[in-house]
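Asker: 3D model of this:
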Amino acid sequence: MRLITLITLFMTGLVGISLIVAITATINTILTSVYERVKEIGVLKAIGATNNDILILFIIEGLIISIFGGLLGLLIGYLLAVAIDIWANSQGYPIKAKFSYDMVLLVLIISIITGFLSSYFPAKKATEIKPQEALRYE
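Answerer: As a prediction, the model looks like this:
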């Protein structure tokens, strides 16, 4: 196998593991947010918020977390690519790091999809909370 193929396989595996970790972290964060805000959910429902309003509230929260995570990953990836480029050129290797707008768009789309998918089920759980029980919740 060529070295580039090995590096590509390694990076693909690393990205896959990172994606699973990001999804798990987002699910955990949104679930924690739901459990911490049970009383708030009860108040919102008592004053007329629909299940759809609660669902949208938590999905948007998950999307914001995921988009910021994607942007942070892009920034770290860009800085790492520039650092490798500088180091390789100082060692005499003619490597030029590329950073395309297509890649930025792909990362943002994946961030949005994973943010939506990983926050939908905890948000759905929040909509199932009954206002009477939520207001008594301690």
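Asker: need the contact list for the residue of the chain most remote from its centre.
Answerer: The centre of the chain is farthest from one residue, Gly92, which by C-alpha atoms, centre = their mean lies 37.8 Å away. Contacts for Gly92 (C-beta atoms under 8 Å, 6 or more residues apart in numbering) come out as none. All C-beta spots, glycine's among them, are computed from the backbone N, C-alpha and C.
Asker: quick check: buried residues in the longest helix seen in the chain?
Answerer: Longest helix in the chain, counting residues (DSSP state H): helix 51-90. Of the residues in helix 51-90, 54-55, 57-59, 61-63, 65-66, 69-70, 73-74, 85 count as buried by neighbour count, 16 or more other C-beta atoms under 10 Å.
Asker: Leu3 versus the residue farthest from the centre of the chain, what's the distance?
Answerer: Using C-beta to C-beta, to the nearest Å, Gly92 is found at 17 Å from Leu3.
Asker: same question for Leu71.
Answerer: In terms of C-beta to C-beta, Leu71 sits 30 Å off from Leu3.
Asker: pLDDT weak spots in the protein?
Answerer: 1, 138 (pLDDT under 70).
Asker: name the residue closest to the centre of it, please.
Answerer: Short answer for the chain (C-alpha atoms, centre = their mean): Ser66, at 2.5 Å.
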